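Trainee: Quick one, what's the 3D model for this:
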Amino acid sequence: MPAGDGDEMFLQAERAGLKLAIVGRLAALVLMGGWLIATRAEDPQRALGYVLVLSVFAVLGVAHYALIGTRFDRRWVKYVFITLDIALVSALVATQPLFPSAPELPAVMTFRGSTFPFYFVIIGLAAFSFSPAMVAWSGIAGAIGWLLAFRHSASMVDGVRNWNEIPGNPTAEQVMAVVLDPKFGGLGGRIQEAVLLAVVAFLIAVVMWRARGTLKRQLEAERDRATLSGIFGRFVPEAVVNAMVVGRGALAPVEREATVLFADIAGFTAMTQRLGAARTVEILNVYFDEVTRIIGAHNGIVTQFQGDGVLATFNVPVEDANHAHNAFQAAEEILACVAARKYAGERIQVRIGLNTGPVVAGNVGGGGRQSYTVHGDAVNLAARLEALCKEYGTSLLASATIAKALPDVGLRSVGEIAVRGVAERVSVFAMAPQNR
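Mentor: Residues are numbered from 1 along each chain as shown. As a prediction, this is how the structure comes out:
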């Protein structure tokens with residue numbers, strides 16, 4: 001898969017993920033706002049303050065959503081908005097007291113509340129972008145914002161106490177004297193939290209990077225498979241290509257009852273002499289293209305092009321319980337199309353032989369080259385029936401097995417023929433006059 005296609009696909013995935021994250025964030029803000037208003041009804045001013053803050057987050061989200069995918073959108077835009085979210089959260093942590101009713105509490109006491117998990121929420125929202133860089137940046141920016149918020153709060157308190165004031169092998173009283181002091185800030189703990197935030201973001205980014213790599217390789221494999229099928233399918237039936245891809249190049253031989261269709265152009269040698277090689281090839285390509293389409297539409301495959309002849313099989317390699325019926329319908333449609341149109345400006349006539357019987361199908365070849373083909377008396381009889389169409393003055397001849405399988409299509413017996421390798425003579429059937 002070209003690198004540009006993969007990058008564009010991931011860019012679209014990032015945009016879709018960001019939009020989904022913004023919608024989820026807005027829903028969460030609405031629920032949070034409703035909860036804050038309901039639980040702080042006794043303090044309307046405080047509730048209004050919360051609503052205003054949540055509204056700022058909502059406006060940022062709506063603005064980002066509106067920009068995604070527009071001509072103003074740039075790769076750095078999402079980093080700006082995630083940074084604004086982190087800056088806003090950090091500013092609130094640094095400036096808002098733990099309890100508005102007790103503003104005299106040391107500012108560092110805010111860090112004893114449950115504010116730190118909000119930074120993990122931001123990382124979670126960034127993960128929706130499916131962008132490792134975005135997640136890593138949210139962790140780094142969050143860690144910086146958290147430490148800057150603590151620094152600002154600590155600068156407002158004289159004599160901030162930290163973990164290093166606890167002596168070695170302390171008593172419970174010594175630990176509580178430091179940790180329970182209102183001025184305890186615990187700088188080491190804040191640094192540890194910042195590092196943890198960055199590490200978690202980094203780990204998520206690595207997992208996401210690996211997931212993107214795995215997905216890209218899978219898409220490349222699918223693209224290569226499609227390309228192989230498209231190129232190889234020009235020379236080998238698509239059904240055979242798919243079976244070989246599934247079997248990793250191996251295609252076991254199959255012995256099964258199948259219907260064989262053999263079609264040939266009447267007067268082909270004279271047409272070639274009259275039109276020349278280049279013109280004949282042009283006619284054949286148009287004709288073969290339509291015949292292949294018709295046969296494929298009836299669950300058959302073209303196994304070989306033999307000069308102007310077409311050898312097609314039904315029920316191998318793809319199983320089809322109605323193979324005789326589908327083959328007959330394909331033959332009728334081929335004859336109807338040939339009668340109704342010109343091929344590269346030329347009218348042609350086609351003769352078809354149909355037979356149902358056991359065949360052996362599989363890859364045959366040597367020297368590193370193989371082709372998919374079918375063998376058996378059923379194939380030989382179909383070719384023999386096609387050759388006899390001129391003698392019987394018809395466009396289609398079918399065997400007794402076809403007539404038996406399709407009693408309602410109006411086939412009529414026109415005689416018996418001797419087939420090499422078969423002791424008894426074989427009955428031959430043609431379409432009734434109204435079907436010819």
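
Trainee: and the residue nearest to G415 when sequence neighbours are not counted, what is it in contact with?
Mentor: Excluding the flanking residues, the one nearest G415 by CB to CB, 6 or more residues apart in numbering is V428, at 5.4 Å. Every residue, glycine included, has its C-beta placed from N, CA and C. Taking CB atoms under 8 Å, 6 or more residues apart in numbering, we find V428 in contact with L385, L388, Y392, L397, A398, S399, S413, V414, G415, E416, I417.

Trainee: so where is the stretch 1-150 of the chain shaky, pLDDT-wise?
Mentor: 1-7, 36, 40-41 (pLDDT under 70).

Trainee: can you do 50?
Mentor: Scanning the stretch 1-150 of the chain for pLDDT under 50 picks out 1.

Trainee: quick one, helices of it?
Mentor: All helices of the stretch 1-150 of the chain, identified by DSSP state H, counting those that start in this stretch, fall at 3-39, 44-67, 77-95, 117-127, 132-155.

Trainee: May I see the PyMOL selection of the buried members of the contacts of V428?
Mentor: Selection of buried members from the contacts of V428 for PyMOL, criterion 16 or more other CB atoms under 10 Å:
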select buried, resi 385+388+392+397+398+399+414+417
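
Trainee: Could you single out the nearest of the contacts of V428 to R74?
Mentor: Nearest to R74 among the contacts of V428, counting by CB to CB, is A398 at 68.2 Å.

Trainee: Distance check, the closest one against V360.
Mentor: Remark: distance between A398 and V360 (CB to CB, to the nearest Å) = 22 Å.

Trainee: Where do the helices of the stretch 251-400 of the chain begin and end?
Mentor: 268-275, 277-297, 323-340, 377-392, 400-405.

Trainee: can you dump the C-alpha coordinates of the first one into CSV?
Mentor: This means helix 268-275. Provided in CSV are the C-alpha atoms of helix 268-275 (Å, rounded to 0.1, in the frame of the first residue of the first chain):
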residue,chain,number,x,y,z
PHE,A,268,-12.9,-18.3,-37.4
THR,A,269,-10.1,-19.3,-39.9
ALA,A,270,-11.8,-17.5,-42.8
MET,A,271,-12.4,-14.4,-40.6
THR,A,272,-8.7,-14.3,-39.6
GLN,A,273,-7.6,-14.5,-43.2
ARG,A,274,-10.1,-11.8,-44.2
LEU,A,275,-9.4,-9.3,-41.3
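
Trainee: contact partners of that helix?
Mentor: Taking CB under 8 Å, 6+ apart as the rule, helix 268-275 contacts I265, T280, I283, G307, D308, E346, I348.

Trainee: Can you tell me which of the contacts of V428 end up in strands?
Mentor: Secondary structure defined by DSSP state E assigns L397, A398, S399, S413, V414, G415, E416, I417 of the contacts of V428 to strands.

Trainee: Show me the contact partners of stretch 326-344.
Mentor: Under CB under 8 Å, 6+ apart, the answer for stretch 326-344 is 259-261, 263, 279, 282-283, 285-287, 290-291, 294-295, 297-300, 312, 314, 320, 348-350, 352, 354, 356, 395-396, 398, 402, 406, 409, 435.

Trainee: Can you pull the domain assignment for this structure?
Mentor: Domain ranges of the chain: 3-228, 252-435, per automatic domain parsing.

Trainee: follow-up on the earlier one: which one of the contacts of V428 sits closest to A324?
Mentor: A398 (9.2 Å).

Trainee: separation between the residue lying closest to that closest one once chain neighbours are set aside and S395?
Mentor: Counting by CB to CB, 6+ apart, A398 lies nearest to L354, which is 4.3 Å off, once chain neighbours are set aside. According to CB to CB, L354 and S395 sit 11 Å apart.

Trainee: returning to what we had before: what is the nearest of the ones in strands among the contacts of V428 to S155?
Mentor: Nearest to S155, judged by CB to CB, of these is A398 at 97.6 Å.

Trainee: What distance do you get for Y372 to A28?
Mentor: Y372 sits 58 Å away from A28, going by CB to CB.

Trainee: Can you pick out the residue with more neighbours from those two?
Mentor: Y372 (24 against 14; other CB atoms under 10 Å).
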